[in-house]
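In: Below are the sequence and a predicted model for it; my questions follow.
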Amino acid sequence: MEDVLDAMEDPIYILNKEADFIFANKALIELTGYTRKEALTFNALELEEKGTIDRSVTRTVLRTKQKITACQHVTKKNKVVNKLMITQTPIFEADGEIKYLIGVLKNVGEINEQYRDAMLKNEVTVLHRKEDDDKEMAFNNIIAESSDMKKLLESVSKLAAYDTSILISGDSGTGKEVIANYIHNISPRSEKNLVKINCASLPATLLEAELFGYEKGSFTGALETGKIGLIESAHNGTLFLDEIDSLPLLLQGKLLRVLETKMIKKIGSVKEIHSDFRLITATNADLDELVKKKQFRQDLYFRLNVVPIRIPPLRERPYDIIPLAIHFMKDYCRKYNKNKYFSKNVFDIMLNYDWPGNVRELKNFVERMVVMSSTSVIELKDIPKGILNDFSLKENDFSLPNRNIFHDLMSETDYNSLFDLENKSYKELMEQYEEELIKQAIKKYKTTYKAAEILGVNQSTIARKTKKYEIK
């Protein structure tokens, strides 16, 4: 039976009625990085207490004696957090008491990848996509290869479990809404609504009606049925207010009162309604400066800025450019049924460009090139003149000395195989890219210490990767 379970691709474990691990198959060992000997010392309930898992499915199954399927965050031995779908099934004694618990884990990202591949190839599939899958896809579409973004996601993963207010700042296009989605999807409120509104998108009068709702006949043009406000809709869920700096001063005061009392009053109503929600706000403005100019309430700012998160612009994390470009290229090639990739020269220019529009600009650029280029290899000549002028190389820019490392280190590799979007998954492409990058770095700089310095990572990371890819 152990041989059978070890042959299964899905990670599987068995617990006794005290929640001790008594079996872990090979797939689970490979996923978590722990040895089987280490795994068999664990207790599922203690893992929750230690924070290795965000919430214990085991506790619920022991209490309800029913099979449970839920999403769970698992921290691997290398401290990387994975979002997994877990199904835990109780096995009963003759007297009806639980004897064993069998857990099966599935990688949410791989499920969505298999679904998209099956749909693209028009194959019969037993995967049935639910509406909530969009949330899971949003979670797995966060591409973070730079150390800054990995640290940010680690911090956010820890914060998501708590209901504290979070203020996300960053330039336009850096992905503030993506991070808000991420926080909600891994939080205890993930099963409830994530309600979003851009505070700059509506005039003050309409914005108040949208946020707080109104009673019928409360003003000219009001719906006869009245309307539920977004704050009320976010009850037990998350409210995301983007461009919070655009919120008028009058509404800032009303929002502050709601945050302090959790009570809202519709326009035209005398009755207050309770709404329990988690607040996430975002801005690309300097709220400190707005407070000094008395354009933003200081008391509200303190209330929102309990946990500040800054998303660095793309120019400060160049190691995310290539992975993001590959990811977008793969998506748009699927969308438009094409097979394309960028030449080395184009990648070189992309690495040296400042991307003032950040990830949004990069995404739009990739889509434009997929649609407009006439050949499978996108060269410099395929970039329209207006854009090409903006993409001129900054030869005197030494602020990021390693930006040309992709071109320098990958020149001897089989370039086409690294961008075989048609036949390889994103994970396979990134692993191949990583292997070749490390291989060429060690070849050029001779030691793992120097390679790590050039690539901007820890030496222990390079040592671990060389062992993984069997690089000598």
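Out: Yep, that arrived.

In: For stretch 317-336, list every residue counted as buried.
Out: For stretch 317-336, the neighbour count (16 or more other C-beta atoms under 10 Å) marks 317-334 as buried. Bear in mind the C-beta positions are built from the backbone N, C-alpha and C, glycine included.

In: The protein - how does it break down into domains?
Out: 2-107, 141-310, 315-423 (automatic domain parsing).

In: Which among the ones you listed is found nearest to S460?
Out: domain 2-107 (9.9 Å; C-beta to C-beta).

In: State whether E48 is indeed within a helix.
Out: Yes - checked against DSSP: H, G, I helix; E, B strand; the rest coil, E48 lies within a helix.

In: contacting residues around it?
Out: Contact analysis of E48 by C-beta atoms under 8 Å, 6 or more residues apart in numbering lists 54-56, 59.

In: among the residues you listed, who's most crowded?
Out: D54 (21 neighbours; other C-beta atoms under 10 Å).

In: I figured that one was touching I186, is that so?
Out: Yes - counting by C-beta atoms under 8 Å, I186 is a contact partner of D54 at 7.1 Å.

In: List the residues that are in contact with both of the two.
Out: Counting by C-beta under 8 Å, 6+ apart, the residues touching both D54 and I186 are H73.

In: okay, now L437: neighbour count?
Out: By other C-beta under 10 Å, neighbour count at L437 equals 21.

In: show me where pLDDT drops low in the stretch 301-450 of the chain?
Out: Where the stretch 301-450 of the chain drops to pLDDT under 70, the residues are 386, 388-424, 426.

In: What segments of it are helices?
Out: Secondary structure of the stretch 301-450 of the chain (DSSP state H, counting those that start in this stretch): helices at 321-335, 344-352, 358-372, 385-390, 405-410, 415-418, 426-445, 448-455.

In: gap between the nearest residue to Q459 once chain neighbours are set aside and N458?
Out: Computed as C-beta to C-beta, 6 or more residues apart in numbering, the closest residue to Q459 that is not its neighbour in sequence is A452, at 4.3 Å. Distance, A452 to N458, by C-beta to C-beta, to the nearest Å: 6 Å.

In: More neighbours: which of the two?
Out: When A452 is set against N458 and neighbours are counted by other C-beta under 10 Å, the residue ahead is A452, at 21 against 12.

In: hang on, the more buried one packs against T466?
Out: No - applying C-beta under 8 Å, one finds A452 not in contact with T466, separated by 10.5 Å.

In: Give me the spatial nearest neighbour of D245, chain neighbours excluded.
Out: D245 sits nearest to A285 (C-beta to C-beta, 6+ apart), 4.0 Å away.

In: Quick check: which of the contacts of E48 has the minimum pLDDT.
Out: Ranked by pLDDT, the contacts of E48 bottom out at R55 (73).

In: That one contacts V74, correct?
Out: No - counting by C-beta under 8 Å, R55 does not reach V74; the two are 10.9 Å apart.

In: what packs against the helix or strand containing I183?
Out: Taking DSSP states H and E as the definition, I183 sits inside helix 176-185. Applying 3 or more C-beta pairs under 8 Å, 6 or more residues apart in numbering; DSSP states H and E, we find helix 176-185 packed against helix 133-140, helix 147-159, strand 166-169, strand 194-198, strand 238-242, strand 278-283.

In: As PDB, could you dump the C-alpha coordinates of stretch 262-282?
Out: Below are the C-alpha coordinates for stretch 262-282, written out as PDB (Å, rounded to 0.1, in the frame of the first residue of the first chain):
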ATOM      1  CA  LYS A 262     -18.600  49.400  12.300                       C
ATOM      2  CA  MET A 263     -22.000  51.100  11.900                       C
ATOM      3  CA  ILE A 264     -23.300  52.700   8.700                       C
ATOM      4  CA  LYS A 265     -26.300  54.900   7.900                       C
ATOM      5  CA  LYS A 266     -27.800  54.900   4.500                       C
ATOM      6  CA  ILE A 267     -28.600  58.300   2.800                       C
ATOM      7  CA  GLY A 268     -32.200  59.200   3.800                       C
ATOM      8  CA  SER A 269     -32.300  56.700   6.700                       C
ATOM      9  CA  VAL A 270     -32.300  57.300  10.500                       C
ATOM     10  CA  LYS A 271     -31.400  53.600  11.200                       C
ATOM     11  CA  GLU A 272     -27.900  52.400  11.600                       C
ATOM     12  CA  ILE A 273     -26.700  49.000  10.200                       C
ATOM     13  CA  HIS A 274     -23.800  46.900  11.500                       C
ATOM     14  CA  SER A 275     -21.200  45.900   8.900                       C
ATOM     15  CA  ASP A 276     -18.100  43.800   9.900                       C
ATOM     16  CA  PHE A 277     -15.500  44.100   7.200                       C
ATOM     17  CA  ARG A 278     -11.800  44.200   6.700                       C
ATOM     18  CA  LEU A 279     -10.500  47.300   5.000                       C
ATOM     19  CA  ILE A 280      -7.700  47.500   2.500                       C
ATOM     20  CA  THR A 281      -6.800  50.800   0.900                       C
ATOM     21  CA  ALA A 282      -4.400  51.800  -1.900                       C
END
